[in-house]
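Student: Here's a sequence, model it:
(2 chains)
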Amino acid sequence: MGMTIAEKILARHAGRDVVKPGEYVWCDVDGTGLIGPPSGLEALGVEKVYDPEKVWMVDDHFAPAPTPARAQTTKEMRRLAEKYQLNHWFEYGRHGILHQLFPENGYCVPGDLIVSIDSHSTSYGCFNAMGVPIMEELTYVVVTGRLWMRVPETIRFNIVGKLPEWCVGKDIILKIAGDYGTDCAIYKSIEFGGPVVSQLSLGSRFSMSNMGVELGAKCAIFECDDVTLEWLKGRIWREPNPASPDPDAVYEAVYDVDVTGMAPQVACPHDPGNVKPADEVEAMRVRVDQAFLGSCTNGRTEDYAMAAKVLKGKKIAPWVRCIVTPASQAIWLECAKNGIWETLAEAGCMITASTCGPCAGAHQGLLGDGEVCIGTNNRNFQGRMGSPESLVYLASPATVAASALTGYVTDPRPYL
Amino acid sequence: MSTMEFTGKVWMFGDNISTDLIQPADVTWGHVRGPERLKYCMRANRPGWAEQVSQGDIVVAGKNFGCGSSRPAARMLRDLGITCVVAESVSRLFLRNSVNIGFPALICPGITGLVEEGDQLYVNVDTGEVRNLRTGGSLTAEGFPEGSPPYEILRAGGLQPLLRKMLEEQGIKPPPERQFPADTRPTPVPQNF
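Tutor: Below is the predicted model:
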């Protein structure tokens, strides 16, 4: 009986030929990312981590430190990075949001098993790696390099039909969340496939893997193709070991998602699955206080190029503040060099350093009572971005930029 | 290994209770620390609830409990005095986090129809039995297979005790508790302003 991508990756890392859904295995991991000080280590008397090359650390949620307390935490991270000889510590100015930063620096190779703190570790799936979010088990992994895993059942989403010209991965994943619900894949592996995938940029795939966790998934994986290898070229120093599903792989469910003629998608408060077509939300005249172009989900150069296309030579609505937060310093630099920042700043956007800040409800762009934000981020849970009484809408960069322009949640198609 | 069974008062919650609701940003990002932080639990969806909770209470919820971020929301509920969560379905990260700190979160389809808020609920983690002591109605929650890692970890009280034991077997012991020298600084003289 054949295996799915996730089953293959888990089998390899468990030293087994075959694994089946529902089994429990102990796996060796290829890497783990930290975004806080691994504080339990010293208390346990641990003098070294399992492999300093495979433990990466960055302060991304508050970059740079907004309060003395946070500065103290970051200071502790630097101290522990030095003590445990974690060479892969990223200082501000060479930093980024972990899920963007680590692959950008070649830490993630097709076929890898990466267990990392932060729920959006599913992002690594766009590189054909199994990115599994963890939290409480972090110290255990950092000491042993191993972790227990339940082999998940796999759900396959085949993306089919004719891709609308403006359509990006964010629209597709929001459509899936809307149609199948945010609990459709709890503890499952998602496999994305189908003929449309080859037309999607790696950034588009990233958004989809990233938001796999919003469907409840353990991981959300694409197959490796030329687009993947081209992006990784010159970044990785290990040989890729791509995993493809066997032709007779067994899926719990296979769904065809037809993107033909679909409208841009918008998730309304307070659930990423509360999704409606943009034109329908536009008709509701939802007035926007803040537009947010950023986060690990959609904070890449191609996202800002799309926003710039909408905003070039125009001014955003006077009552809107548009906050632009790239996913990494490398992206910041790229957008500076190719004139995108200039276009966005001239339209009235505010460009910040790379951080998880607004999306995580941490700093730089939180919301007051009753305020409305439309953002390219991944979550609109109640109270996530500030006041419990604020309202957050999620959409693609084009939809967010068009909404910033008009001051209302807006279908971007006439502006592209 | 001790038997894991609890009896407690039920608090009912709906579907998709996210970790942002269980442990709001103010607490997660350290703006509120210490015992004060517990009052923030479920502040957005149920203000004041955290102050009504007593030690031993049980949370019953709908679908997808604990969805969202990987923040230590299970720890927050445990610190508040909740002994276990029983939900229609539990998010993967919350489930893993709860196992790895030794806090039971049980998946029990039909639970929201079995109990009402305020009922006394009996929960036996070993057998999966969940019984409403008012009505006598009962259901069986999904458990982990005996001997599987989550089964062992949950009953060991989490991953940390297992890690400590493993390290001790390798001869690695926690450092002795730090001895602070006696404070010999002069007592500050109160000043009047």
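Student: Okay, and the beta partners of B:Cys67?
Tutor: Under the criterion DSSP bridges, B:Cys67 forms beta bridges with B:Ser18.
Student: Next, count neighbours for it.
Tutor: Neighbours of B:Cys67 under the rule other C-beta atoms under 10 Å in any protein chain shown: 31. Yep, even glycine has a C-beta here, placed from its N, CA and C like the rest.
Student: Could you do A:Gly375 as well?
Tutor: Using other C-beta under 10 Å, A:Gly375 is surrounded by 29 other residues.
Student: For the nearest residue to it once chain neighbours are set aside, name its beta-bridge partners.
Tutor: Using C-beta to C-beta, 6 or more residues apart in numbering or on different chains and skipping the chain neighbours, the partner closest in space to A:Gly375 is A:Phe292 (3.4 Å). Here A:Phe292 sits in beta bridges with A:Ile323, A:Gly375, going by DSSP bridges.
Student: Helices along the stretch 201-350 of chain A, start to end?
Tutor: Under the criterion DSSP state H, counting those that start in this stretch, the stretch 201-350 of chain A carries helices at the ranges A:202-210, A:226-232, A:278-282, A:301-311, A:329-337, A:340-347.
Student: Any idea which of the ones you listed gets closest to B:Val60?
Tutor: Nearest to B:Val60, of all the helices of the stretch 201-350 of chain A, is helix A:202-210, at 31.5 Å by C-beta to C-beta.
Student: and the residue of the stretch 1-150 of chain A found nearest chain B, how many neighbours?
Tutor: In the stretch 1-150 of chain A, the residue found nearest to chain B is A:Trp148; the distance is 3.5 Å by C-beta to the nearest C-beta. Applying other C-beta under 10 Å, we find 19 residues neighbouring A:Trp148.
Student: List the buried residues in stretch B:150-165.
Tutor: By 16 or more other C-beta atoms under 10 Å in any protein chain shown, the buried positions in stretch B:150-165 come out as B:Pro150, B:Tyr151, B:Glu152, B:Ile153, B:Leu154, B:Arg155, B:Gly158, B:Leu159, B:Gln160, B:Leu162, B:Leu163, B:Arg164.
Student: Is chain A within reach of it?
Tutor: Yes: applying C-beta under 8 Å from any C-beta of the partner chain, one finds stretch B:150-165 in contact with chain A at B:Pro150, B:Ile153, B:Gly158, B:Leu159, B:Gln160, B:Leu162, B:Leu163, B:Arg164.
Student: Let's see the pLDDT reported for residue 109.
Tutor: Here I'm looking at chain A. The model reports A:Val109 with a pLDDT of 97.
Student: To clarify, I was referring to chain B.
Tutor: For B:Pro109, pLDDT reads 98.
Student: and it, which of the three is it?
Tutor: What DSSP: H, G, I helix; E, B strand; the rest coil gives for B:Pro109 is coil.
Student: Contact partners for the spatially closest residue to it that is not a sequence neighbour?
Tutor: Excluding the flanking residues, the one nearest B:Pro109 by C-beta to C-beta, 6+ apart is B:Glu88, at 5.8 Å. By C-beta atoms under 8 Å, 6 or more residues apart in numbering or on different chains, the contact list for B:Glu88 reads B:Asp15, B:Ala61, B:Gly62, B:Lys63, B:Phe65, B:Ile107, B:Cys108, B:Pro109, B:Gly110, B:Ile111, B:Thr112.
Student: Nearest residue to the middle of chain B?
Tutor: Most central in chain B under C-alpha atoms, centre = their mean is B:Arg78, positioned 3.1 Å from the mean C-alpha point.
Student: if I look at that residue, how far off is chain A?
Tutor: The spacing between B:Arg78 and chain A, counted by C-beta to the nearest C-beta, to the nearest Å, is 11 Å.
Student: ok, that residue touching B:Pro104?
Tutor: No: with contact defined as C-beta atoms under 8 Å, B:Arg78 does not reach B:Pro104; the gap is 9.9 Å.
Student: Need the pLDDT of the residue nearest to B:Pro109.
Tutor: For B:Glu88, the pLDDT comes out at 98.
Student: Buried residues, stretch B:69-87. List them.
Tutor: B:69-78, B:80, B:82-87.
Student: Find me whatever residue is spatially closest to residue 154, sequence neighbours aside.
Tutor: Going with chain A. A:Thr4 (3.9 Å).
Student: meant chain B, my bad for not saying
Tutor: Per C-beta to C-beta, 6+ apart, closest to B:Leu154 is B:Val99, 5.1 Å.
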